[in-house]
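Undergrad: just need the structure, nothing else, for what follows:
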Amino acid sequence: MAVRTLVLGGARSGKSAHAEGLLPESAPVTYVATARRDPDDPEWAERIATHVARRPGTWRTVEAGDADSLRRVLADVDAEATVLVDDLATWLTAVLDDAGAWDRDPAALSAVAGHCTRLVEAVAGCAARLVIVSAEVGLGVVPATRSGRLFRDELGSLNARLAEVCDEVVLLVAGQPLRLR
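TA: You can find the predicted model right below:
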């Protein structure tokens, strides 16, 4: 039976390294990178390079920077596969960008909600061993901007829905894992 693990944590909490440590280095793992590359942002490129350098050579990277490609990967893997998705905050950012939802247009928000529902369904139906990384953004101050509040609310809702369909939920705080389920 597949095990689905949701790993949550704040910025620099160690959530990605913890998630990677849950999987054997020697096993073939499909690493699904959701971040979009930006050639004009060297700091972002450095962050991606750090993540890439940390992965074992036996892992295969699939870049899934749009709403549908992540769902396709989850639907296409077989039961013997192992998949790590890192992370849902960048996936959701792309979904909000692509929908033009930052100004809270109702039609755009409906499109975002549809993508999130289909992702939750894909996670619930994924036959593989699955580890998902997501940012926990609800523990800080209320964001000062409308877009910041939208992102916090949408990601918090998505995380809660994913936690319902995952077998294990872990929160990283200061590098320390707290098992929530």
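Undergrad: which elements pack onto the strand or helix carrying S147?
TA: For S147, the host element (DSSP states H and E) is helix 146-165. Counting contacts by 3 or more Cβ pairs under 8 Å, 6 or more residues apart in numbering; DSSP states H and E, helix 146-165 is packed against strand 4-9, helix 88-99, helix 106-125, strand 129-135. Where C-beta positions appear, they are placed from N, C-alpha and C, glycine not excepted.
Undergrad: and the shortest one, which strands flank it?
TA: Looking at strand 4-9 with DSSP bridges, its partner strands are strand 129-135 (parallel), strand 168-173 (parallel).
Undergrad: the helix or strand following that strand - contacts with which helices or strands?
TA: Next helix or strand after strand 4-9 toward the C-terminus (DSSP H and E): helix 15-21. Here helix 15-21 touches strand 4-9, helix 42-54, strand 82-86, strand 129-135, strand 168-173, going by 3+ Cβ pairs under 8 Å, 6+ apart.
Undergrad: partners of the shortest one in the sheet?
TA: Read that as strand 82-86. Strand pairing for strand 82-86, determined by DSSP bridges: strand 29-33 (parallel), strand 129-135 (parallel).
Undergrad: the closest residue to R152 other than its chain neighbours and G10, how far apart?
TA: Excluding the flanking residues, the one nearest R152 by Cβ to Cβ, 6 or more residues apart in numbering is V137, at 4.9 Å. Computed as Cβ to Cβ, to the nearest Å, the V137 to G10 distance reads 7 Å.
Undergrad: between the helices and strands packed on helix 15-21, which gets the lowest average pLDDT?
TA: For these, mean pLDDT drops lowest on helix 42-54, to a mean of 87.
Undergrad: number of residues surrounding the residue lying closest to C116 once chain neighbours are set aside?
TA: Computed as Cβ to Cβ, 6+ apart, the closest residue to C116 that is not its neighbour in sequence is L158, at 5.2 Å. Per other Cβ atoms under 10 Å, the neighbour tally for L158 reads 23.
Undergrad: what sits against L158?
TA: L158 is in contact with 88, 92, 116, 119-120, 134, counting by Cβ atoms under 8 Å, 6 or more residues apart in numbering.
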